[in-house]
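Undergrad: Just a sequence and a predicted model for now, questions to come.
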Amino acid sequence: MMSTHPRSGLVPGSILPGYEDRGIAASLAERPLPPHDVFCYPLVETWRDRIWHMLGDFITEEVKAEFVRHPPEFVVSDDLSWLDNLIHDVTGEITDIKMLTADRLREEYRAFRAGHATRTNDLAQFYQNGLKVLNAAEVEDRARSVFLNGQFKHATEERLQNAIDQIKARDPAGGREGRLYFCAREEELFSRAGGAGHYLTYGSEYLYCLGIRVASSRETKKALTGIGSPTMFVCDIPMVMIRSHALEDFAGSILEYLFCELVDELEAHALSPDAGSALSLTENLPGECIVGHYHPATIYDPLRFA
């Protein structure tokens, strides 16, 4: 666990001056609402009525009433056949409601708000150059500067090369090279339920994975936590940058949540503490898409005993 410094209010750690004016509240409740054309997944009250209205030509009041009378056995987000069938039975319309909802989200909203977690000592590189997809070679060079500087007895270039070969970050199946990750629900990046606090605690996951193979786990953690401060960047990702399948996943979760709200006995998995909200980009996010940043006061580190 990490806590705020009693005087500064920030997580301990050196960070270069600059961009202090871009700091924002960590709590959604303490921030201004996002602009009307920005979709914010955890703020249900900002989109509940709007989504119902947006889909009103297919999800009619009669469709909702029939759902309440006879809820399906399984109301899930990944397979919306239960809703496609319901719409057809009530209205006679044939549709792929997940795809339709995703398409209309693109029409209705300019951007999708999400958080990106990292650890840094320099905010300027992000605000000036944006958030960048993983470049394996750059991270490997950083690993050399952090771990092959003579401070770690057993760290060698040979061990680093073996680690690079073992992790295979450039393998498309590995999901690392050329990807930039976010969570629509920021708390997943620092809470126990989210289980992703290692990004804030240690920074680059690839750098951490290289480190524990080149040096020891203890040495790696000490080295990486000595660099900068855990930092969350809140971003408005242009809808045109989000891949179709990712937006369809969110469309399914939105519809699952809305329909479960209609029946007291139903409980949606979507937006529950253990439901994920990750998405990734395959291109860099420009700096002007960063809304602001904050330094989480408390972080659950899932690797603390690793």
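TA: Received the coordinates, thanks.

Undergrad: use CA for all of it now, contacts and neighbours both
TA: Will do.

Undergrad: where's V75, which helix or strand?
TA: Per DSSP states H and E, V75 falls between elements, in no helix or strand.

Undergrad: Any idea how many residues pack against it?
TA: For V75, the neighbour count with other C-alpha atoms under 10 Å is 21.

Undergrad: same check, this time on L160
TA: Using other C-alpha under 10 Å, L160 has 22 other residues around it.

Undergrad: Only alpha carbons, please: show the helix or strand hosting it as PDB.
TA: In this assignment (DSSP H and E), L160 forms part of helix 157-167. Output for helix 157-167, consisting of C-alpha atoms alone and laid out as PDB, is shown next (Å, rounded to 0.1, in the frame of the first residue of the first chain):
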ATOM      1  CA  GLU A 157      23.300  -8.400 -21.300                       C
ATOM      2  CA  GLU A 158      23.000 -12.200 -21.800                       C
ATOM      3  CA  ARG A 159      20.300 -12.500 -19.100                       C
ATOM      4  CA  LEU A 160      18.500  -9.500 -20.700                       C
ATOM      5  CA  GLN A 161      18.600 -11.100 -24.100                       C
ATOM      6  CA  ASN A 162      17.300 -14.400 -22.700                       C
ATOM      7  CA  ALA A 163      14.500 -12.500 -21.000                       C
ATOM      8  CA  ILE A 164      13.600 -10.700 -24.300                       C
ATOM      9  CA  ASP A 165      13.500 -14.100 -26.100                       C
ATOM     10  CA  GLN A 166      11.400 -15.600 -23.300                       C
ATOM     11  CA  ILE A 167       8.700 -12.900 -23.100                       C
END
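
Undergrad: isn't A163 right up against L210?
TA: Yes: with contact defined as C-alpha atoms under 8 Å, A163 and L210 form a contacting pair (5.8 Å).

Undergrad: in the protein, what residue sits furthest out from the centroid?
TA: Of all residues in the chain, G92 sits farthest from the chain's C-alpha centroid, using C-alpha atoms, centre = their mean; the distance is 37.7 Å.

Undergrad: quick one: that one and F58, what's the gap?
TA: Taking C-alpha to C-alpha, to the nearest Å as the measure, G92 falls 10 Å from F58.

Undergrad: go on, N149?
TA: In terms of C-alpha to C-alpha, N149 sits 62 Å off from F58.

Undergrad: do the same with R243
TA: Taking C-alpha to C-alpha as the measure, R243 and F58 are separated by 24 Å.

Undergrad: Pull the contacting residues for the most centrally placed residue in the chain.
TA: To find the centre residue of the chain, average its C-alpha atoms and take the closest one (C-alpha atoms, centre = their mean): that gives C183, at 1.2 Å. The neighbours of C183, taking C-alpha atoms under 8 Å, 6 or more residues apart in numbering as the test, are A114, G115, H116, L189, G276, S277, A278, L279.

Undergrad: Could you pull up the residues touching R113?
TA: Contacts for R113 (C-alpha under 8 Å, 6+ apart) come out as V38, F39, C40, Y41, A184, V234, C235, D236, I237.
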